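> Would you be able to build a 3D model of this:
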Amino acid sequence: MHSAATPGLTFRDATDADVDALVVLIESAYRGDASRAGWTTEADILEGQRTDPEGVLEVIKSTDSRLLTVERDGLVVACCQLEHRGDHAYFGMFAVSPTLQGEGLGKIVIAEAERQARAAWGISEMHMTVISVREDLIAWYERRGYRRTGQMSPFPYGDERFGIPRRADLQFELLVKKLG
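Coordinates of the predicted model:
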């Protein structure tokens with residue numbers, strides 16, 4: 001789907017054929033030295049993987065989820081998960097290519113994700129969880145209208161599918177946005 005507001009970008013649901021490219025994108029946005037090219041890196045707080053092919057495929061195959069994939073000139077440059085959870089949608093697995101971060105692409109993707117969630121499911125609220133020590137990232141979401149709830153959930157220490165923590169104080173905070 002092309003949009004006049006997003007020239008050169010194509011938004012579509014991911015397919016099985018996208019799994020490898022999406023894993024590379026998500027890993028590059030958050031882990032390792034490549035992630036340091038952008039500002040969303042978690043390399044200082046987590047080592048190891050952010051996701052794996054099985055995790056990405058699980059989202060693609062789920063009947064209640066969509067993995068919105070964003071292409072520019074035929075290359076996957078961003079993605080996000082939208083999951084229908086009753087009266088709200090969950091926003092996750094958000095990644096923008098580190099070399100394109102800071103250009104406004106993230107703002108476009110999150111706005112389109114919110115629009116599509118409202119249109120597809122008629123929901124009025126979007127939820128997400130963010131590692132609570134990621135103050136810069138939380139501030140970015142707050143500027144997009146998300147509010148901190150103070151509701152925390154534990155980080156899955158010991159489950160290397162989510163990374164290897166470099167700190168002992170990691171937890172997730174729920175952020176919520178009312179959609180108009």
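> If you average pLDDT per helix and strand, which one of this structure comes out bottom?
Ranking every helix and strand in the chain by mean pLDDT, DSSP states H and E puts strand 46-47 at the bottom, with a mean of 90.
> Could you tell me which strands that one is paired with, and in which direction each runs?
strand 164-165 (antiparallel) (DSSP bridges).
> contact partners of the strand it pairs with?
Outside strand 164-165, the residues that touch it by CB atoms under 8 Å, 6 or more residues apart in numbering are 45-48, 155, 157. (C-beta placed from N, C-alpha, C; glycine too.)
> Buried subset of those, written for PyMOL?
This is how PyMOL selects the buried members of these, with burial counted by 16 or more other CB atoms under 10 Å:
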select buried, resi 45+46+155
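> After the longest strand along the chain, which helix or strand is next? Please name it.
Counting residues, the longest strand found in the chain (DSSP state E) is strand 75-85. Counting by DSSP states H and E, the next helix or strand C-terminal to strand 75-85 is strand 88-96.
> Tell me which residues are up against that following strand.
The contact list for strand 88-96, computed with CB under 8 Å, 6+ apart, reads 25-26, 28-30, 38, 40, 51, 56, 59, 67, 77-83, 105-106, 109-110, 113-114, 117, 121, 123-129, 176.
> Now list the buried members of these.
For the contacts of strand 88-96, a burial check counting by 16+ other CB under 10 Å picks out 25-26, 28-30, 38, 40, 51, 56, 59, 67, 77-83, 105-106, 109-110, 113-114, 117, 121, 123, 126-129.
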